[in-house]
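A.B. asks: mind folding the following:
(chains A and B)
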2 protein chains.
Amino acid sequence: MNRQELFENIKRKKSFLCVGLDTDIKKIPSHLLNEEDPVFAFNKAIIDATADMCVAYKPNLAFYESLGIKGWAAFEKTVKYIKENYPDQFIIADAKRGDIGNTSEMYARSFFEHLGIDSVTVAPYMGEDSIKPFLVYPGKWVIVLGLTSNKGSQDFQFAVDNQGERLFERVMRISQKWANKDQLMFVVGATQGKLFADVRKIVPDHFLLVPGIGAQGGSLQEVVDYGMNAQCGLLVNSSRQIIYASKDTSFAKAAREQTSTVQQEMEKLLKSRKLIG
Amino acid sequence: MNRQELFENIKRKKSFLCVGLDTDIKKIPSHLLNEEDPVFAFNKAIIDATADMCVAYKPNLAFYESLGIKGWAAFEKTVKYIKENYPDQFIIADAKRGDIGNTSEMYARSFFEHLGIDSVTVAPYMGEDSIKPFLVYPGKWVIVLGLTSNKGSQDFQFAVDNQGERLFERVMRISQKWANKDQLMFVVGATQGKLFADVRKIVPDHFLLVPGIGAQGGSLQEVVDYGMNAQCGLLVNSSRQIIYASKDTSFAKAAREQTSTVQQEMEKLLKSRKLIG
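C.D. replies: Just a heads-up that it's a prediction; the model follows:
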């Protein structure tokens, strides 16, 4: 999916929501545990209940890997289900990978070739040759960790170098030389609020993947005020707040209601910025 | 496994070699492709041929994930095989993970609880709360990327902050506050040569996991000269040079010969430093 298609989907659905499929078998409704594949059954129900109000899904690999082979199977089935039934969805493998070149090639092969996923999140610490192998796939995206939503973002990402530049700024400035804005996005946490203005000075046109609203406490209004650009430029993720909206048999309905609340807020914000009529 | 046990294994085997199981199905001998699980069959043969001359095995997750469910199964079988047959081996899941707290918890559960692996490599970019969840497992280790072996290490790891400290130094200085040297190691690439001296100023006693000899061109002599401490403090990894020493039916024998060459060099170096008699 290219940038223009993504923007068209956002306008058509009046939503820039990404639903995070952080599916923890210990947190899903207990009646699903009788299913052959409880994690996939949960994901399928959540996807069917939310697909018309979001533009992206983001399964976080950790939740699947923690179940070993069964989890990996649930992950693959989930990706296949989205691709077959909702081909307009942008799929993000939230993997935060990054390794030396020949190893990153293996990850790229796994996510892009084997599974046909649209994008993968990567960690920047190891530099250019850890990210380049992901960029040889036309139409596929790399989403580099820029400024994360967690408290630990303070430990290294704000280190100021001898040119007065903070590490997250250096990461965004340098890594955008490796790919154009049709293959590269950045993760910027919603909890960083006004810092979106500093981010936009460096990457005015790129899409940003924004975790951290909901359970982590970031403000959607603030993200839009400081981070939205002329093509929206935001994919705002919500995971726990949506997928665990209820723990009983009506969990999918509750997830839909929660999604609808977020979508309506997003619609208002898109209108206020005149990106939709 | 604790630090003292690891050092005892090094002295007993006269080796501080870690064999990297970067098993690529496209590179293994073709006769193995008839096996039910070619990757596991390859690993089993390599392990049986090398276990008496190394102290650790490091499967890199990327190579297994690239095969999807089958790859994950081969990874789990490999770990189980090592634990059952060579319980004195230190197993490193080379995963380079790192995510927000609740997600890192899932990875920790996967590697330590579900698989019983000794250690996992993690990326430092997201800071303390991305690493802490791995530290709640007694006797398990976190191996933080410090100074990596690849060219891209130049892009961010050498950024000098306004106190004159390079990022890799800051990472090591700060992250050693999060755990003691019985749970924490650092990755330092063999290709960094004399910089091991700078690393040892910050972390004199910690074990270092050292990739980059062999195919990547790092020098074992230099690593020892600048990086070895009184408890050895080094696990030097070799992957491609050992496991792909030959591509014919005698691949395991060739791997053993290559391992023996490295082990003998290590034995000399341990003697020259008077760590063994």
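A.B. asks: what residues does the stretch 151-277 of chain A have near chain B?
C.D. replies: When proximity is defined as C-beta under 8 Å from any C-beta of the partner chain, the stretch 151-277 of chain A approaches chain B at A:151-157, A:159-162, A:164, A:167, A:170-171, A:174, A:211, A:216. Quick note: C-beta positions are derived from backbone N, CA and C, even for glycine.
A.B. asks: hmm, try it at 7 Å
C.D. replies: Counting by C-beta under 7 Å from any C-beta of the partner chain, the stretch 151-277 of chain A comes close to chain B at A:151-157, A:159-162, A:167, A:170-171, A:174.
A.B. asks: where exactly do the helices run in the stretch 1-150 of chain A?
C.D. replies: Assigned by DSSP state H, counting those that start in this stretch, the stretch 1-150 of chain A shows helices spanning A:3-13, A:38-50, A:61-65, A:69-85, A:101-108, A:128-131.
A.B. asks: for chain A, give me the ranges with low pLDDT.
C.D. replies: Nowhere does chain A drop to pLDDT under 70.
A.B. asks: ok, the residue in the stretch 1-150 of chain A that chain B sits nearest to - contacts?
C.D. replies: In the stretch 1-150 of chain A, the residue that lies nearest chain B is residue A:127 (2.5 Å; C-beta to the nearest C-beta). Under the criterion of C-beta atoms under 7 Å, 6 or more residues apart in numbering or on different chains, the neighbours of residue A:127 are B:152-156.
A.B. asks: also residue A:40?
C.D. replies: Taking C-beta under 7 Å, 6+ apart as the definition of contact, the neighbours of residue A:40 are A:74, A:77-78.
A.B. asks: if we go to 10 Å?
C.D. replies: Residue A:40 is in contact with A:23, A:32, A:70-71, A:73-78, A:80-81, counting by C-beta atoms under 10 Å, 6 or more residues apart in numbering or on different chains.
A.B. asks: can you check residue A:97 too?
C.D. replies: A:61, A:103-104, A:106-108, A:110-111, A:120-123, A:126, A:130-131, A:134, A:142, B:61-62, B:65, B:95-98, B:123.
A.B. asks: mind redoing it with 8 Å?
C.D. replies: A:104, A:107, A:120-123, B:62, B:96 (C-beta atoms under 8 Å, 6 or more residues apart in numbering or on different chains).
A.B. asks: what's the separation between it and residue A:270?
C.D. replies: Note on residue A:97: its distance to residue A:270, by C-beta to C-beta, to the nearest Å, is 32 Å.
A.B. asks: cool, and residue A:210?
C.D. replies: Relative to residue A:270, residue A:210 is positioned 15 Å away (criterion: C-beta to C-beta).
A.B. asks: which one's more surrounded, these two?
C.D. replies: Higher neighbour count among residue A:210 and residue A:270: residue A:210, with 28 against 21, using other C-beta atoms under 10 Å in any protein chain shown.
A.B. asks: for the nearest residue to the more buried one once chain neighbours are set aside, helix, strand, or coil?
C.D. replies: Spatial nearest neighbour of residue A:210, chain neighbours left out: residue A:236 (4.6 Å); criterion: C-beta to C-beta, 6 or more residues apart in numbering or on different chains. Assigned state for residue A:236: strand (three-state reduction, DSSP: H, G, I helix; E, B strand; the rest coil).
A.B. asks: so residue A:236 makes contact with residue A:269?
C.D. replies: No - proximity of residue A:236 to residue A:269 does not meet the contact threshold set by C-beta atoms under 8 Å, at 9.8 Å.
A.B. asks: could you dump the helices of the stretch 1-150 of chain A into TSV with distance to residue A:196 added?
C.D. replies: Written out in TSV, the entries for those read as follows (distance: least, C-beta to C-beta, whole Å):
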stretch	distance to residue A:196
helix A:3-13	18
helix A:38-50	25
helix A:61-65	26
helix A:69-85	28
helix A:101-108	28
helix A:128-131	23
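A.B. asks: having no further points to raise, I will conclude here.
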